[in-house]
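Trainee: Pasting a predicted model and its sequence here:
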Amino acid sequence: AGHGELVQTQTGEWYLAHLASRPFTPERRCIHGRETCLQRVEWSTDGWLRLVGGGHHPREAWPAPAGLLAAPFSSRSERDEFGGETLGPEWHSLRVPIDPAWASTTERPGWLRLRGRDSLHSLHEQSLVARRLRGARMRGETRLEFRPTHFTQSAGLVCWYDTRHHYYLRVTHEDGIGSILGIVFTDQGRYDELERGRLVVEGWPVVHLCADIDGAHVRFGASCDGTRWTEVGPALD
């Protein structure tokens, strides 16, 4: 925990708003990234600021500030059919706002049309949209329609930790075969490809992709119909 800022409420209570992460592996993986937390604090008789209840570590839960009206966010569906004119606020991009010029929900209603730009290793203009993990165990699925004609073209499902660490289940093109599906990954900034689990998906009208996260591991899968799934690659860190 760290990077805090003090705030006094209308009723006179003091709180520390701070960033934190919750590692749950010996290597201190924090797959939820940075989270925002509140700790109630008080001024001691000797003029120092202390956590209410003492100690030096943040608590996972506190009663809500007294006398303030709740301002809940509207609930968001776990499924998005991309039927609106724009993406909802639960969707995120890297470094720049999502722009209809490269991420459109209106050109083909019911689909999110992405126009490829820089690679995932770029620090400038990737065509990536993502949702933050909300738990240590979850499943993400998407349906992809893509016809690559060159090995430099790819699209798929990314499990993104940061620019130097991510897994990418992607469809691309291989000469003499056509469309293939496999996992590429970046670890400490180094790019590599997994040979295990590659699938030929040439002729599939659509490709369904999934990522199953179970604590410290993720497993990828693919399907031509969204019902019968084939595991792609091994369990990954």
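Mentor: Here it is on my side, so go on.
Trainee: In the chain, which residue is most central in space?
Mentor: Nearest residue to the geometric centre of the chain (CA atoms, centre = their mean): Arg132, 3.9 Å.
Trainee: Would you confirm that that residue contacts His92?
Mentor: Yes: contact criterion CB atoms under 8 Å: Arg132 and His92 qualify, at 6.8 Å. For every residue, glycine as well, the C-beta is placed using N, CA and C.
Trainee: picking up where we left off before, quick one, what contacts the residue nearest to the centre of the chain?
Mentor: Arg132 makes contact with His32, Gly33, Glu90, His92, according to CB atoms under 8 Å, 6 or more residues apart in numbering.
Trainee: ok, of those, which come out buried?
Mentor: The neighbour-count criterion (16 or more other CB atoms under 10 Å) marks His32 among those as buried.
Trainee: Quickly name whichever of the contacts of Arg132 is closest to Ser119.
Mentor: Checking these against Ser119 with CB to CB, the nearest one is His92 at 18.7 Å.
Trainee: so what's that closest one bridging to?
Mentor: Ala130 (DSSP bridges).
Trainee: List of residues touching stretch 101-119?
Mentor: Stretch 101-119 is contacted from outside by 81-87, 93, 100, 124-127, 129, 145, 153-155, using CB under 8 Å, 6+ apart.
Trainee: Output that stretch in CSV, but only the C-alpha positions, please.
Mentor: Coordinates of each C-alpha in stretch 101-119 appear next as CSV, following Å, rounded to 0.1, in the frame of the first residue of the first chain:
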residue,chain,number,x,y,z
ALA,A,101,-11.9,5.6,-35.8
TRP,A,102,-10.3,2.3,-34.7
ALA,A,103,-12.9,0.8,-32.4
SER,A,104,-16.5,1.1,-33.8
THR,A,105,-19.8,-0.4,-32.6
THR,A,106,-21.8,1.3,-35.4
GLU,A,107,-20.2,0.2,-38.6
ARG,A,108,-21.5,-3.3,-38.0
PRO,A,109,-24.1,-3.3,-35.2
GLY,A,110,-23.7,-6.1,-32.7
TRP,A,111,-20.0,-6.3,-33.3
LEU,A,112,-17.0,-4.4,-32.2
ARG,A,113,-14.9,-3.6,-35.3
LEU,A,114,-11.2,-3.1,-34.5
ARG,A,115,-8.8,-1.7,-37.0
GLY,A,116,-5.2,-2.9,-36.4
ARG,A,117,-2.5,-0.4,-35.5
ASP,A,118,0.8,-0.9,-33.6
SER,A,119,1.9,-4.2,-32.1
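Trainee: and that stretch, which residues are buried?
Mentor: For stretch 101-119, burial by neighbour count (16+ other CB under 10 Å) applies to Trp102, Ala103, Ser104, Thr105, Trp111, Leu112.
Trainee: next one: stretch 66-82
Mentor: By neighbour count on 16+ other CB under 10 Å, the buried set for stretch 66-82 is Asp80, Phe82.
Trainee: Go ahead and name everything in contact with that stretch.
Mentor: Taking CB under 8 Å, 6+ apart as the rule, stretch 66-82 contacts 9-11, 13, 64, 87-88, 90-91, 105, 109-112.
Trainee: In CSV, list the residues you listed along with secondary structure, pLDDT and distance to Gly140.
Mentor: Output for those, formatted as CSV (DSSP: H, G, I helix; E, B strand; the rest coil; pLDDT from 0 to 100; distance: CB to CB, whole Å):
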residue, secondary structure, pLDDT, distance to Gly140
Thr9, coil, 93, 37
Gln10, coil, 92, 40
Thr11, coil, 92, 41
Glu13, coil, 94, 39
Ala64, coil, 86, 31
Leu87, coil, 93, 16
Gly88, coil, 90, 16
Glu90, coil, 90, 13
Trp91, coil, 95, 13
Thr105, coil, 96, 19
Pro109, coil, 92, 22
Gly110, coil, 94, 19
Trp111, coil, 96, 17
Leu112, coil, 97, 14
